[in-house]
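Undergrad: Fold the following for me, if possible:
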Amino acid sequence: MGLTKQIVLAMIAGIAVGLLFNFLNTTQVLGAGVTGFIDNYLTNGLFDIVGRIFIASLKLMVVPLVLVSLICGACALSEGSRVGVLAGKTVLLYLVTTAAAISLALLLAIVIQPGAGMETMAGDASFEPQPSPPLSEVLINIFPTNPVDAMAKGNMLQIIVFALLMGYAISRSGKPGQRIAGFFNDLNDVIMRMVGVLMVFAPYGVFALLATKIAQLGLDAILQLLKYFMVVLGALLIHAFGVYPLLLKLLSGLNPLRLLKKMRPAMVFAFSTASSAATIPVTLSTVEKRLGVDNKVASFTIPLGATINMDGTAIMQGVATVFISQLYGIEIGLMGYLTVILTATLASVGTAGVPGVGLIMLAMVLQQVGLPLEGIAIVMGVDRLLDMVRTAVNITGDAVVSSIVAKSEGALDVDRFNDDNYNSVISGEDALAR
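TA: Predicted structure coming up:
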């Protein structure tokens, strides 16, 4: 059985076990003793430990993979001017897709009105947001003062800047640069092999993560906010299977269905981890091996996308803003909606690709339009489940932008992209065999 099927089956099994554990905990049909054992030793014990170790292992690979892969990609750009062109195209496309995502979300929410008639939920909810840095501080913090500190803290934007500068310097250093470039290319192969070894354990990690989360949440949280949940979910699906394919077809002429099919393993993986950053190794491998995007492009667009491409989060913010305004009976008007679009788009640049960060961004957006932050407490109940879908949408957007940029730069293996039989991705089985 292929790794993709194993992960899908693990995901289904995790959801089923999670629902079963939640049902047993809610109904107490087996008694408090059995329920306590399940909670203490399985849900919050074994499964939680396995899931946390798996996520930690993924994060272990992120910094070395991004640093080394990006240095290799920058070295491969023979003309230094291409770095600026590549960066300009990538950032522009990411900002355009984010603006389109939140515009779509606002439109759907205004038409469907998920918060209408739910004023009683406003009640005594409370939420204390973390302070968000000003935009000027975000821009300054992009440039590292200590690259080692940036790597220790996992600051992706600073790591990207340092790697680009180092790769550019290596490409301009003659024979010494060639020797260093060879070292990094070899190191990149070793790191990708480590990713493959880690993938052997992916099904177990996916099962443990989903079983734990579903057991803790259950269906009650979704049913209470079903209308809001469905609007956000609908906007996410429309963006992933409507906006992205249209953008890919118009700007590159590539087949969107083929891209979605080949990205399926990475999407499933992103869904289970709910972290764009933790999914970088899988996304990068899939985009290079399955879609045929050259490493010199993918090594830049994928890590950058995990940092600034927050289309799924922008959709949540758009729907949540309208939902909270209706919940509290506050009309923010056209200028308020335009402010939401601008704020959410710019805020996505400084957002880390980790679970739950969307709530911090949402607090920033609500503050800009004068809505009560207490409304965030109401949507928090279903945010984790929606976060999983948002992450899958985000990494799909990363793949679309990578393919468009690679095609425009002549750095896309079109034959591999179009080859339905070429579904190779670095798997655990390959890694262990070698």
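
Undergrad: C-alpha from now on. contacts and neighbour counts both.
TA: Noted.

Undergrad: Which strand or helix spans Ile341?
TA: helix 333-347 (DSSP states H and E).

Undergrad: For that helix, C-alpha coordinates in CSV please.
TA: This file holds the C-alpha atoms of helix 333-347, laid out as CSV (Å, rounded to 0.1, in the frame of the first residue of the first chain):
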residue,chain,number,x,y,z
GLY,A,333,-19.9,49.5,6.3
LEU,A,334,-18.1,49.4,2.9
MET,A,335,-15.0,51.2,4.3
GLY,A,336,-14.8,48.7,7.1
TYR,A,337,-14.8,45.8,4.7
LEU,A,338,-12.1,47.4,2.6
THR,A,339,-10.1,47.9,5.8
VAL,A,340,-10.5,44.2,6.5
ILE,A,341,-9.2,43.2,3.1
LEU,A,342,-6.2,45.5,3.4
THR,A,343,-5.4,44.6,7.0
ALA,A,344,-5.7,40.8,6.5
THR,A,345,-3.6,40.9,3.3
LEU,A,346,-0.8,42.8,4.9
ALA,A,347,-1.0,40.9,8.2
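
Undergrad: on contacts alone, who are the packing partners of that helix?
TA: Applying 3 or more CA pairs under 8 Å, 6 or more residues apart in numbering; DSSP states H and E, we find helix 333-347 packed against helix 81-112, helix 311-327, helix 357-369.

Undergrad: What's the local residue count around the nearest residue to Gly45 once chain neighbours are set aside?
TA: Once flanking residues are discounted, Gly45 sits nearest to Asp39: 7.4 Å by CA to CA, 6 or more residues apart in numbering. By other CA atoms under 10 Å, the residues close to Asp39 number 19.

Undergrad: what residue ranges in the protein score low on pLDDT?
TA: Along the chain, the parts satisfying pLDDT under 70 run over 1-4, 76-83, 117-135, 138, 217-224, 346-361, 377, 380-381, 384, 422-434.

Undergrad: which helix in it runs the most residues?
TA: helix 375-408 (DSSP state H).

Undergrad: Not counting stretch 141-160 itself, show me its contacts.
TA: Val63, Val66, Leu67, Leu70, Val161, Phe162, Phe300, Pro303, Leu304, Thr307, Ala352 (CA atoms under 8 Å, 6 or more residues apart in numbering).

Undergrad: mind listing what Ser402 touches?
TA: Thr90, Val287, Val293, Val297, Ala298, Thr301, Ile302.

Undergrad: Okay, and the second one sits in which element?
TA: By that I understand Val287. Assigned by DSSP H and E, Val287 belongs to helix 280-289.

Undergrad: The fifth one too?
TA: Element membership of Ala298, judged by DSSP H and E, is helix 295-308.

Undergrad: Between helix 375-408 and that helix, find me the angle.
TA: Calculated by axes from the mean of the first three to the mean of the last three CA atoms, to 10 degrees, helix 295-308 forms an angle of 170 degrees with helix 375-408.

Undergrad: any idea which of the helices and strands packed on helix 333-347 is most buried?
TA: helix 311-327 (a mean of 27; mean count of other CA atoms under 10 Å).

Undergrad: Pull that helix out as PDB, backbone CA atoms only.
TA: Extracted in PDB, the C-alpha atoms of helix 311-327 (Å, rounded to 0.1, in the frame of the first residue of the first chain):
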ATOM      1  CA  ASP A 311      -5.300  32.400   2.100                       C
ATOM      2  CA  GLY A 312      -7.200  30.000   4.300                       C
ATOM      3  CA  THR A 313      -6.600  32.200   7.400                       C
ATOM      4  CA  ALA A 314      -7.800  35.200   5.400                       C
ATOM      5  CA  ILE A 315     -11.000  33.400   4.500                       C
ATOM      6  CA  MET A 316     -11.600  32.600   8.200                       C
ATOM      7  CA  GLN A 317     -11.000  36.300   9.100                       C
ATOM      8  CA  GLY A 318     -13.400  37.600   6.500                       C
ATOM      9  CA  VAL A 319     -16.200  35.300   7.500                       C
ATOM     10  CA  ALA A 320     -15.500  35.700  11.300                       C
ATOM     11  CA  THR A 321     -15.500  39.500  10.900                       C
ATOM     12  CA  VAL A 322     -19.000  39.500   9.300                       C
ATOM     13  CA  PHE A 323     -20.200  36.900  11.800                       C
ATOM     14  CA  ILE A 324     -19.100  38.900  14.800                       C
ATOM     15  CA  SER A 325     -20.500  42.100  13.400                       C
ATOM     16  CA  GLN A 326     -23.900  40.500  12.900                       C
ATOM     17  CA  LEU A 327     -23.700  38.800  16.300                       C
END
